[in-house]
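1. Okay, sequence plus prediction incoming.
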Amino acid sequence: MSAIRAKRGPFANNRVNPHEQNELKYWCQKFTCNEFQLKNAVTAVGTSPEAVRHFLKDKTSS
């Protein structure tokens, strides 16, 4: 019997993880930002995607 490994996507725990390259790329595309901006947002507001989105939106509208 072959083992089937489920692909773990970025929503596995619904958190932004800037330490995983595949998730970093995904969230940067989702939020239209670069890696530096995403990492700064996570440092400022934590790993909640909603909080990161609001932080980045507020930064770009300032």
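-> Structure received.

2. Double-check Ser48 against Arg15; I have them as touching.
-> Yes: counting by Cβ atoms under 8 Å, Arg15 is a contact partner of Ser48 at 7.0 Å. Using the backbone N, CA and C atoms, a C-beta is placed for each residue, glycine as well.

3. how about the nearest residue to Cys28, chain neighbours excluded?
-> Nearest non-adjacent residue to Cys28, counting by Cβ to Cβ, 6 or more residues apart in numbering: Leu38, 5.5 Å away.

4. Which elements pack onto the strand or helix carrying that neighbour?
-> Assigned by DSSP states H and E, Leu38 falls within helix 35-45. Applying 3 or more Cβ pairs under 8 Å, 6 or more residues apart in numbering; DSSP states H and E, one finds that helix 35-45 contacts helix 21-31, helix 49-61.

5. what angle sits between the shortest one and helix 49-61?
-> Using axes from the mean of the first three to the mean of the last three Cα atoms, to 10 degrees, the interaxial angle of helix 21-31 with respect to helix 49-61 works out to 50 degrees.

6. Let me see the contact set for the closest residue to Val42 other than its chain neighbours.
-> Leaving aside its sequence neighbours, Val42 sits nearest to Pro18 (Cβ to Cβ, 6+ apart; 5.2 Å). By Cβ atoms under 8 Å, 6 or more residues apart in numbering, the contact set of Pro18 is 24, 27, 35, 38-39, 42.

7. quick one: least confident helix or strand in this protein?
-> Every helix and strand in the chain was compared by mean pLDDT, DSSP states H and E; the lowest is helix 49-61, with a mean of 91.

8. helices and strands around that helix, which ones?
-> Using 3+ Cβ pairs under 8 Å, 6+ apart: helix 49-61 touches helix 21-31, helix 35-45.

9. same question for the last one, mean pLDDT?
-> The average of the pLDDT scores along helix 35-45 is 97.

10. Could you check how far it is from the centre of its chain?
-> In terms of Cα atoms, centre = their mean, to the nearest Å, the centre of helix 35-45 is found 9 Å from the chain centre.

11. Please apply the same query to stretch 25-36.
-> On the basis of Cα atoms, centre = their mean, stretch 25-36 sits 7 Å off its chain's mean C-alpha point.
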